[in-house]
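Student: here are the coordinates; sequence isn't available:
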Ligand code: NAP
Ligand code: GDD
């Protein structure tokens with residue numbers, strides 16, 4: 001671990017990216033603070049490996065209750081933490097769900113970003129400290145714009161989620177230009193891992209095929225198999241977030257692999273690793289179709305390579321492999337518990 005005196009604050013620390021970023025920054029010697037929203041069950045599973053009881057001295061990961069819909073909590077946390085770097089990752093991040101909950105999605109993703117920017121603006125004015133902020137933008141903002149997409153491609157959002165991310169992006173640009181704040185927009189293409197939420201298509205596939213392979217589930221219901229995504233590995237992408245904030249001047253960057261695959265290709269490869277024929281177990285369920293789809297996302301990451309020296313390390317093949325292996329192991333554990341008499345109830349409503 002490197003020696004460092006910097007403090008980072010991460011919104012959305014309990015999510016996939018938040019957990020990878022927290023690990024990455026702890027390794028660099030940062031003191032990491034995260035904002036956790038209150039839930040009736042524990043939502044910190046992804047942090048279990050790095051979380052230490054704050055009563056013990058030397059804990060470098062500290063969690064605070066707060067919510068992107070609650071500006072006063074954000075302001076209080078800023079005052080308490082006095083961060084050098086802020087990573088705004090909090091979001092209702094599921095595109096399909098954003099059609100069901102458009103107002104809430106806008107409140108968290110668009111207005112939540114604005115609340116944080118306002119809090120940072122006042123904090124910087126009052127304290128004269130330099131605070132750097134990373135805003136989690138998304139390739140979804142490109143939506144229907146033809147591939148490949150780069151920093152100069154005009155946005156054409158196709159969902160309430162994407163519209164909200166576009167608003168967050170332009171709020172961030174405006175605060176950078178109006179108040180001279182150090183803010184970078186990362187425009188990240190899809191990135192996955194064994195910690196990906198189970199209602200996103202990649203994890204839904206690897207989780208279900210693992211269970212079907214071991215006889216724990218019969219069918220996998222999916223929507224559109226034709227859309228194409230530029231899928232990378234989340235562990236690689238959090239480094240790019242950090243690199244953006246280490247530059248001399250704040251700029252926006254596309255982060256992508258430069259390679260796209262269809263959902264069907266992801267299915268094919270996952271099934272091939274498991275020696276299965278997915279056509280026998282996959283069925284179409286229209287509930288997983290979106291009113292407007294994004295057909296093809298393919299990023300051109302030339303600027304990130306040139307200016308940040310960033311390139312992805314994990315290939316598509318290796319990404320699928322690591323997710324399949326992880327989820328087969330999870331299914332094995334479930335099988336062992338089932339055989340020992342443990343009863344797993346079916347999951348609740350799934351919008352994934
Ligand atoms: P994720 O796994 O869905 O995590 C989202 C995080 O936001 C979770 O910690 C969640 O808390 C938190 N959150 C949700 N609503 C909140 C609220 N009202 N107040 C405070 N926190 C809230 O998403 P991810 O994949 O890590 O993505 C991180 C960020 O990058 C998101 O902004 C996402 O939109 C964006 N992004 C992701 C990708 C991708 O491919 N993964 C690509 C481009 C952009 P809970 O754990 O309690 O739900
Ligand atoms: N979730 C899901 N579930 N998607 C399905 C399914 C299904 O059963 N069947 C087909 N798909 C298709 C979707 O229609 C979409 O075209 C593609 O699989 C990928 O869907 P998701 O994995 O849900 O991801 P996304 O591309 O919509 O959004 C993710 O990436 C964005 C970056 O481009 C999320 O992580 C967003 O938060 C992120 O901004």
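Tutor: Happy to help now that I have it. If you're wondering where the values come from, they're calculated on a predicted model, not measured in any experiment. Ligands and ions are numbered 1, 2, ... in the order given.
Student: Now the nearest residue to residue 313 once chain neighbours are set aside: which helix or strand?
Tutor: Leaving out its chain neighbours, the residue that sits closest to residue 313 by CB to CB, 6 or more residues apart in numbering is residue 236, at 5.3 Å. Backbone N, C-alpha and C define where each C-beta goes, glycine included. Using DSSP states H and E, residue 236 sits in helix 234-245.
Student: tell me which strands and helices that helix is in contact with?
Tutor: Packing partners of helix 234-245 (3 or more CB pairs under 8 Å, 6 or more residues apart in numbering; DSSP states H and E): helix 16-27, strand 132-138, strand 182-188, strand 191-192, strand 253-255.
Student: can you redo the ones you listed as CSV with mean neighbour count and distance to residue 226?
Tutor: Compiled in CSV, these are given as follows (neighbours: other CB atoms under 10 Å; distance: least, CB to CB, whole Å):
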stretch, mean neighbour count, distance to residue 226
helix 16-27, 22, 25
strand 132-138, 25, 21
strand 182-188, 24, 23
strand 191-192, 27, 19
strand 253-255, 27, 23
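Student: Let me have those in JSON lines, extended by mean pLDDT and distance to ligand 2.
Tutor: Shown next, in JSON lines, are the helices and strands packed on helix 234-245 (pLDDT from 0 to 100; distance: least, CB to the nearest ligand atom, whole Å):
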{"stretch": "helix 16-27", "mean pLDDT": "98", "distance to ligand 2": "8"}
{"stretch": "strand 132-138", "mean pLDDT": "98", "distance to ligand 2": "3"}
{"stretch": "strand 182-188", "mean pLDDT": "98", "distance to ligand 2": "7"}
{"stretch": "strand 191-192", "mean pLDDT": "98", "distance to ligand 2": "8"}
{"stretch": "strand 253-255", "mean pLDDT": "99", "distance to ligand 2": "11"}
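Student: dump the residue contacts of the residue nearest to residue 313.
Tutor: Residues near residue 236 by CB atoms under 8 Å, 6 or more residues apart in numbering: 191, 312, 313, 314.
Student: Just the strands from the protein, written as ranges.
Tutor: Using DSSP state E, the strands of the chain run over 7-11, 31-36, 61-65, 85-88, 132-138, 182-188, 191-192, 220-222, 228-229, 232-233, 253-255, 261-262, 282-284.
Student: before we move on, the earlier item: I'd like the distance between the residue nearest to residue 313 and ligand 1.
Tutor: 12 Å (CB to the nearest ligand atom, to the nearest Å).
Student: Next: residue 227.
Tutor: Taking CB to the nearest ligand atom, one finds residue 227 at 14 Å from ligand 1.
Student: again, but for residue 240
Tutor: From residue 240 to ligand 1 the distance is 11 Å (CB to the nearest ligand atom).
Student: List the residues that contact that residue.
Tutor: By CB under 8 Å, 6+ apart, the neighbours of residue 240 are 186, 188, 253, 255, 304, 308, 310.
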